[in-house]
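Q: I'd like to go over a predicted model; first the sequence, then the structure.
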Amino acid sequence: MGVPSDDAVLIQKPKKPGEPHVVTVNCPDKTGLGCDICRTILDFGLYITRGDVSTDGIWCYILLWVLPRTSSLIVKWSNLKDRVMSICPSRSLQFYFNQQPANSPSSPVYLLKFLSFGRKGLLHDVTQVLCELELAIQKVKVTTTPDGRVLDLFFITDNMDLLHTKERQDQTYEQLHAVLGESCISCELQLAGPEYGGHQAIPTLSPAVAEELFRCELLKNETRSQALSPDLTKLKKTNITVDNSLSPAHTLLQIHSVDHKGLLYDIMRTLKDCNIQIAYGRFSPNVNGHRDLDLFIQQKDGKKIVDPEKQSALISRLKLEMLHPLRVIISSRGPDTDLLVANPVELSGKGRPRVFYDVTLALKMLGICIFSAEIGRHFASDREWEVYRFLLEASCEFQFTNAVAKNQIVDKVRRTLMGW
């Protein structure tokens, strides 16, 4: 099939510090390409300030202005270019016969196992190292032993596909030891065996907790931990309109929404899963915390969306994904207190980037220790979800019998995930 040309992806440096880099993608088109690119940019911890997309169904041209979300983030721009290029279809003639490019073999899964003395923020510090190394967490199991030591099992893949080399493994060991310091007792890295088992279901999720976590609508008068905060109430003001009068071949979708981390990704993944193709799109800069998006779209059969029921269904789906792309609740299992976070999985099977990173960051900032953690999958509301469960340790500051403390944790985690 060949590979994309080196000029398929260009990244232009800003003229002044603080200005965005400009990512230009010029390659053959495929359904969902915009979603895949936005997902990669989110995975690098970048924020899309504005964007333009245009395609004739064969070739596409994408311009994205991006900034690091934090000033301390060190972005490896050459690695970003390589990752985006790996997404782009090749210029092979086979593309023009509407043949899908062959699926690249999945990256091997490695088991990173280390034993250390527990301390606040340890799990996030390790997660940050893995993110900086572009090692993707597929599954995790964290447990605390009775003597206070922590056993962490990270099942990871390497976005650079170099973890089989000694140099890459040594780099991983060195950066982990630099963070863990004397608290590290042992650290091992090896190919995962049968214990990986793929994306397994999250265990012991009670029907009541599942109903609260995955419900489609959230009522304003809820008293549960997932009740709408003032931030989510603002999100309910999201406006979406459909106009078929401006183009003979395309439906204009106009979106006005409160901004949040990954907003463009949430819109693009929803359209991808609904088999909606974008011919032209413009993502406007943030104005007073809001974003405007204009998209000229078609159905997979190349026709406009004229059926009122299909229009209504698309608007409802988009509003749901933009209103509540991540679910956050606290639940009790006897004497234990769980923080549960869930996000929809794309039809391609991919989960949302950096969720584990953001949750552990929020808990570290709150000074809350994590007794155990795990990632699993769950089917509910006719779709698959990625579920993160954290067993929290109570402290003098956070007694989990206190509703105010629970709400404070949920609010902090949600704000960190949403970038507010």
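A: Alright, I've got the coordinates. Residues are numbered from 1 along each chain as shown.
Q: check the gap between the nearest residue to Asp273 once chain neighbours are set aside and Arg354 for me.
A: Ranked by Cβ to Cβ, 6 or more residues apart in numbering and with sequence neighbours excluded, the top spatial neighbour of Asp273 is Leu347, at 4.8 Å. No exception for glycine: its C-beta is placed from N, CA and C like everyone else's. Distance, Leu347 to Arg354, using Cβ to Cβ, to the nearest Å: 20 Å.
Q: then His256?
A: Counting by Cβ to Cβ, the gap from His256 to Arg354 is 26 Å.
Q: ok, the two, which is more surrounded?
A: When His256 and Arg354 are compared for neighbours, Arg354 comes out ahead with 19 against 14, by other Cβ atoms under 10 Å.
Q: so what's the closest residue to Lys120 other than its chain neighbours up against?
A: In space, and not counting its chain neighbours, Lys120 is closest to Cys369: 5.5 Å by Cβ to Cβ, 6+ apart. Applying Cβ atoms under 8 Å, 6 or more residues apart in numbering, we find Cys369 in contact with Gly118, Lys120, Leu392, Glu393, Ser395.
Q: thinking Ala342 is in contact with Arg327, fair?
A: Yes. Ala342 is within contact range of Arg327, at 4.3 Å (criterion: Cβ atoms under 8 Å).
Q: neighbour count winner among the two?
A: Ala342 (24 against 20).
Q: for the more buried one, what is the enclosing helix or strand?
A: If you go by DSSP states H and E, Ala342 is part of strand 336-344.
Q: elements contacting whatever helix or strand comes next after that strand?
A: Using DSSP H and E, the helix or strand that follows strand 336-344 in sequence is helix 355-366. For helix 355-366, the elements it packs on are helix 122-132, strand 336-344, strand 370-380, strand 383-392, helix 403-418, judged by 3 or more Cβ pairs under 8 Å, 6 or more residues apart in numbering; DSSP states H and E.
Q: and Ser312, which of those is closest to it?
A: strand 383-392 (19.0 Å; Cβ to Cβ).
Q: so that closest one versus helix 355-366, what angle?
A: 30 degrees (axes from the mean of the first three to the mean of the last three Cα atoms, to 10 degrees).
Q: now do strand 383-392 against strand 370-380, angle only.
A: Using the same axes, to 10 degrees: strand 383-392 against strand 370-380 is 160 degrees.
Q: and strand 383-392, which strands flank it?
A: Sheet pairing of strand 383-392 (DSSP bridges) gives strand 336-344 (antiparallel), strand 370-380 (antiparallel).
Q: which of those strands is buried the deepest?
A: strand 336-344 (a mean of 21; mean count of other Cβ atoms under 10 Å).
Q: run through who's touching it.
A: For strand 336-344, the external contacting residues (Cβ under 8 Å, 6+ apart) are 209, 213-214, 321, 325-332, 351-352, 355, 359, 363, 378, 383-392, 394, 400, 409-410, 413, 417.
Q: how about the CA coordinates for it, as CSV?
A: Presented in CSV, the C-alpha positions along strand 336-344 are these (Å, rounded to 0.1, in the frame of the first residue of the first chain):
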residue,chain,number,x,y,z
ASP,A,336,-15.4,1.1,50.7
THR,A,337,-15.7,4.3,48.7
ASP,A,338,-15.3,4.1,44.9
LEU,A,339,-14.7,6.9,42.4
LEU,A,340,-16.1,5.8,39.1
VAL,A,341,-15.4,7.5,35.8
ALA,A,342,-16.8,6.4,32.4
ASN,A,343,-16.5,7.5,28.8
PRO,A,344,-18.0,6.1,25.6
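Q: what comes up buried for stretch 361-368?
A: Within stretch 361-368, the residues scored as buried using 16 or more other Cβ atoms under 10 Å are Leu361, Ala362, Leu363, Lys364, Leu366, Ile368.
Q: does the first one really touch Cys131, like I thought?
A: This means Leu361. No. Applying Cβ under 8 Å, one finds Leu361 not in contact with Cys131, separated by 10.4 Å.
Q: now Ile87, nearest residue through space, not along the chain?
A: Counting by Cβ to Cβ, 6+ apart, the nearest residue to Ile87 once its immediate chain neighbours are dropped is Asp36, at 4.7 Å.
Q: okay, and the one you found sits in which element?
A: Assigned by DSSP H and E, Asp36 falls within helix 33-43.
Q: pLDDT on that helix, on average?
A: Across helix 33-43, the average pLDDT comes to 96.
Q: same thing with stretch 374-388?
A: For stretch 374-388, mean pLDDT rounds to 91.
Q: now do the end-to-end distance for it.
A: Start-to-end span of stretch 374-388 (Cα to Cα, to the nearest Å) is 6 Å.
Q: where do the helices sit along the protein?
A: Ranges of helices in the chain, per DSSP state H, are 33-43, 77-87, 122-132, 166-180, 207-214, 230-235, 263-273, 308-323, 355-366, 403-418.
Q: right, and those helices - which one's nearest Ile58?
A: From the helices of the chain, taking Cβ to Cβ, the stretch that ends up closest is helix 33-43, at 12.2 Å.
Q: does that closest one pack against any helices or strands, and if so which?
A: When contacts are defined as 3+ Cβ pairs under 8 Å, 6+ apart, helix 33-43 packs onto strand 21-28, strand 46-55, strand 59-68, helix 77-87, helix 263-273.
Q: and it, how far from the chain's centre?
A: With Cα atoms, centre = their mean, to the nearest Å as the basis, helix 33-43 stands 9 Å off its chain's centre.
Q: what sits up against it?
A: Residues from elsewhere that reach helix 33-43, judged by Cβ under 8 Å, 6+ apart: 23, 25, 27, 48, 53, 60, 62, 64, 66, 80, 83-84, 87-89, 136, 261-262, 264-265, 268-269, 271-272, 278, 281, 346, 350, 352-354.
Q: so, low pLDDT: which residues of the stretch 101-250 of the chain?
A: Scanning the stretch 101-250 of the chain for pLDDT under 70 picks out 101-105, 198-201, 203, 217-236.
Q: can you give me the strands for the stretch 151-300 of the chain?
A: All strands of the stretch 151-300 of the chain, identified by DSSP state E, counting those that start in this stretch, fall at 184-191, 239-243, 251-258, 276-283, 290-299.
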